[in-house]
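J.: Curious how this folds, go ahead:
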Amino acid sequence: MACLSLAGAPLPRPARAPALPPRPAQGLALEVVARGLQDPLYVTAPSGDPRLFIVEQPGRIRVVREGRLLPTPFLDLTRDVRFGGERGLLSIAFHPAYARNGFLYVNYTDRSGDTRVERYRVSADAGRADPASRKIILRVEQPFANHNGGHILFGPDGMLYVAMGDGGGAGDPLGHSQNRASLLGDLLRLDVDRGDPYAIPADNPFTGRPDARGEIWASGLRNPWRVCFDPVDDLLYIADVGQNRWEEVNVVDRKRPGLDYGWNLMEGAHCYHAPRCEPAGHVIPAVEYAHSEGCSVTGGVVYRGRALPGLTGHYFYADYCQGWVRSFRFTGGRVTDHRQWRLGDIGAILSFGTDSAGELYICSSRGQVYRLVEPRRQ
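T.: Model (predicted):
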């Protein structure tokens, strides 16, 4: 199934030179900002808010304020969340107008193992969300226990994006990723400021088509583990976990609708289901690496903070098994300045995140959250 443009013509295969292997790099250090956490999976903050919000996989959102991890959770959903393996509370997104409307959104697997996206409102106490303000935005049935995706975030266009895995099972056995009548294996785009509980944006690529779900912005994903928008360069980054051989990071113009990332016909830039593979219709990764180098990509963010000016524009990512951290710039349609950083052994890297100033954080399986900083001079 080739990816079609809005006009119905096949999209051209991107002409992209292979990324050069990363070169060893020094000049970064890690500073602990929180410890004693249980499976910290995500870090973020509302615009202009000096606090740091940390998602714990069992179902809690914790707050770091003035360098201190507060004992009381901002929101506790442990009674509602099915936790274990790839399931749990997977991310949080603050509405762009959070300072005015107090809305925040969460993505988790419920007691039945299905994906839920819900909205909450902050209470009169700015340190607590109101559990009674729950509003269900989206519920998607999950056929297996893995490949939930789970990332939600607002794009520069003010729309809520929901990254959905293919529903699990080796090789996408139910064929969700290439089925546009399914919400699994897709990147969804929702207008949560209109409609109840949301509206489908008129410029979504399949709006109004009887053979496809209008919520879909892009398809052909296996298990996207972290999505990033870089509004400076108008790019969308998607790190997609591979099957047996290849891990990938995709970089595309964020305004291009209807792209097909290839799964389960492609794994990275390679045929997975020959002879059904049709590479010409699919996005080719900007970066891929074989399982000789790792096992599961952990996508990150583009650095736009001020503390590390030499790294402005670098996209950071990691591998869950090997624990390395790499970065690259994407300029002129190609990967440049590809580096692998020497940061020491901090355990499995579960996720990246940023604060409201754009500084970069790493979540570790050892229950700690680190900030990337310049090394101290001896």
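J.: Every contact and neighbour count from this point should use C-alpha atoms.
T.: Noted.
J.: Quick check: the residue lying closest to Leu160 once chain neighbours are set aside vs Arg256, distance?
T.: Leaving aside its sequence neighbours, Leu160 sits nearest to Phe154 (C-alpha to C-alpha, 6 or more residues apart in numbering; 4.5 Å). Separation of Phe154 from Arg256 (C-alpha to C-alpha, to the nearest Å): 16 Å.
J.: Same drill for the two, tell me which one is more crowded.
T.: It is Phe154, of Phe154 and Arg256, that has more neighbours when counted by other C-alpha atoms under 10 Å, with 20 against 14.
J.: for the stretch 201-350 of the chain, what spans make up the strands?
T.: Along the stretch 201-350 of the chain, the stretches classed as strands by DSSP state E, counting those that start in this stretch are 216-219, 224-230, 235-240, 246-253, 259-260, 266-267, 270-271, 287-290, 297-298, 315-319, 325-331, 334-341, 349-354.
J.: show me the contacts for Asp193.
T.: Ala199 (C-alpha atoms under 8 Å, 6 or more residues apart in numbering).
J.: go on, Val106?
T.: Counting by C-alpha under 8 Å, 6+ apart, Val106 touches 89-93, 116-119, 152.
J.: you'd agree Val318 is up against Leu343?
T.: Slight slip there: residue 318 is Ala, not Val. No: using C-alpha atoms under 8 Å, Ala318 is not in contact with Leu343, being 11.6 Å away.
J.: Between the two, which is the more surrounded one?
T.: Each of Ala318 and Leu343 has its neighbours counted (other C-alpha under 10 Å); Ala318 has more, 26 against 16.
J.: got a list of contacts for stretch 113-133?
T.: With contact meaning C-alpha under 8 Å, 6+ apart, stretch 113-133 is reached by 73-75, 82, 87, 101-110, 134-142, 145, 148, 150.
J.: Cross those residues against helices and list the overlap.
T.: Within those, residues falling in helices by DSSP state H are Asn101.
J.: Counting neighbours, which of the contacts of stretch 113-133 end up buried?
T.: Buried residues within the contacts of stretch 113-133, defined by neighbour count using 16 or more other C-alpha atoms under 10 Å: 73-75, 82, 87, 102-110, 137, 140, 142, 145, 148, 150.
J.: Any chance of TSV for the strands of the stretch 201-350 of the chain, columns mean pLDDT?
T.: Listed next are the strands of the stretch 201-350 of the chain as TSV, based on pLDDT from 0 to 100:
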stretch	mean pLDDT
strand 216-219	98
strand 224-230	98
strand 235-240	98
strand 246-253	98
strand 259-260	98
strand 266-267	96
strand 270-271	93
strand 287-290	97
strand 297-298	98
strand 315-319	98
strand 325-331	97
strand 334-341	97
strand 349-354	98
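J.: For those strands, could you give me TSV that also reports distance to Arg371?
T.: Shown next, in TSV, are these (distance: least, C-alpha to C-alpha, whole Å):
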stretch	distance to Arg371
strand 216-219	32
strand 224-230	18
strand 235-240	21
strand 246-253	23
strand 259-260	34
strand 266-267	32
strand 270-271	35
strand 287-290	25
strand 297-298	16
strand 315-319	13
strand 325-331	13
strand 334-341	14
strand 349-354	9
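J.: re earlier: show me the contacts of stretch 113-133 that map onto strands.
T.: Among those, the members found in strands (DSSP state E) are 75, 103-109, 134-140.
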